[in-house]
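# Fold the stuff below for me.
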Amino acid sequence: MAKIRDVAREAGVSVGTVSMVLNHTDYGSPQIRKKVQDAVEKLQYIPSEMARNLSLKRTMTVGIIVPTVAHPFFAELVEAIEESLYHQGYKTMLCCTQQKENAEHVFIDMLQRQNMDGIIMGAHSLDTSLYQGIKQPILAFDRYLSPEIPIVHADHVLGGQLAARAFLQHDCRHIVQIAGSQMVKTPAGEYHQAFNAVMQKHGVRTDIVPLPWNSFGFQESLQLAEMIFAKYRDVDGILGSDVSVASCLQVAVRKGIKIPDQLKLVAYDGTDITQSGIYKLTAVRQPIKELAELAVKKIVGFINGRPDDSPWILPPTLLAGETC
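Numbers count the residues shown, from 1 in each chain. Here you go, the predicted structure:
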């Protein structure tokens with residue numbers, strides 16, 4: 001296997017010149033660059049990625065921290081981020097924090113030891129002090145971590161208003177909102193506030209039922225749905241995440257409740273599961289792919305010392321369905 005010294009000898013240049021030509025697209029004269037490229041092709045030289053990364057002081061790896069990839073929203077998000085990072089020349093290292101202690105500490109330690117170039121953080125951890133004072137590139141996805149760490153997220157105020165408009169086309173009088181844990185500070189909570197503001201103006205009763213912290217599974221959502229129908233017997237509208245609303249739909253159908261005549265349902269996230277059940281769920285669709293691409297654009301800009309000044313917030317849309 002050819003070594004970099006062999007390429008230098010074949011091209012008639014120094015080892016340092018070969019390294020600079022291979023690692024920097026604008027280094028050297030066209031003649032020098034051609035000599036090096038011809039020697040590389042002739043000797044079928046394969047550069048060491050580890051050596052290249054050491055030279056550039058880069059690992060070309062970005063960490064993604066999410067609670068779980070079993071949840072449809074995070075599954076779509078991680079897939080879209082990984083694809084976008086790949087096209088930017090970066091590899092992905094994934095950390096799922098649910099049911100793990102100190103998982104984030106390990107990733108932060110790796111970042112500070114320069115074993116990765118940056119982190120996109122979207123987990124629902126309660127201790128955000130871990131992120132205070134870190135100088136390396138960190139981007140928050142729909143999470144408040146610290147004033148110094150910027151956030152990419154959907155326009156949740158608009159999302160709440162879109163959900164309200166969907167319900168207001170009908171004569172709903174009592175709507176239950178299934179919310180994430182109130183212990184987690186996230187911009188997503190704004191959609192419940194915006195929704196409530198609109199509904200109160202129209203005299204519609206609303207109740208908020210929070211999920212337990214770090215609860216993302218169907219089983220927990222089914223149990224919560226059973227509780228909602230037992231406690232709020234006059235409920236005629238439900239708003240919540242895709243998984244929560246899909247679970248309510250399943251329980252409602254089992255109880256013989258007619259959809260959408262007796263009960264209207266609006267999901268928030270708009271992942272593929274909203275379009276794949278016995279009814280297509282009416283949903284507020286977060287622009288997941290576009291948000292992922294924006295997050296990657298931002299973190300790569302930070303890593304390269306060229307922060308991107310484009311907007312941090314993208315608008316959601318309303319997907320027509322059969323449940324509202």
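
# Now do the contacts for Gln262.
Contact criterion CB atoms under 8 Å, 6 or more residues apart in numbering gives Asp236 as the residues in contact with Gln262. Backbone N, C-alpha and C define where each C-beta goes, glycine included.

# ok so it is a helix residue?
No. Assigned with DSSP: H, G, I helix; E, B strand; the rest coil, Gln262 falls outside any helix and is coil.

# how much space is there between it and Tyr279?
13 Å (CB to CB, to the nearest Å).

# Please apply the same query to Leu291.
Counting by CB to CB, the gap between Leu291 and Tyr279 amounts to 26 Å.

# Which one's more surrounded, the two?
The residue with the greater number of neighbours, taking Leu291 and Tyr279 and applying other CB atoms under 10 Å, is Leu291; the counts read 22 against 17.

# Would you agree that one is in contact with Leu77?
Yes. Contact status for Leu291 versus Leu77: in contact at 7.4 Å, counting by CB atoms under 8 Å.

# Check the burial of Val69 by counting its neighbours.
Taking other CB under 10 Å as the neighbour definition, Val69 ends up with a count of 17.

# so what's Asp6 closest to, chain neighbours aside?
Leu43 (5.7 Å; CB to CB, 6 or more residues apart in numbering).

# actually Val209, not the one I typed
Of all residues not flanking Val209 in the chain, Ile178 sits nearest, at 5.4 Å (CB to CB, 6+ apart).

# Quick check: buried residues in the helix or strand where the one you found lies?
With secondary structure defined by DSSP states H and E, Ile178 is part of strand 174-179. By 16 or more other CB atoms under 10 Å, the buried positions in strand 174-179 come out as 175-179.

# again with stretch 173-193
Along stretch 173-193, the positions that meet the burial threshold by neighbour count (16+ other CB under 10 Å) are 175-180, 184, 186-192.

# tell me which of those is nearest to Val204?
For the buried residues of stretch 173-193, the residue nearest Val204 by CB to CB is Ile175; the value is 6.2 Å.

# which residues does that closest one form a beta bridge with?
Note on Ile175: beta-bridge partners by DSSP bridges are Thr206, Gly237.

# My understanding was that it contacts Gly203; is that so?
No. Ile175 sits out of contact with Gly203 when judged by CB under 8 Å, with a separation of 11.9 Å.

# what's the burial count for the nearest residue to Gly160 once chain neighbours are set aside?
Excluding its sequence neighbours, the residue lying closest to Gly160 (CB to CB, 6+ apart) is Ala194, at 3.0 Å. When neighbours are defined as other CB under 10 Å, Ala194 has 20 of them.

# can you give me the strands in the stretch 101-250 of the chain?
With DSSP state E, counting those that start in this stretch as the definition, the stretch 101-250 of the chain shows strands at residue ranges 118-121, 138-141, 151-154, 174-179, 205-210, 237-241.
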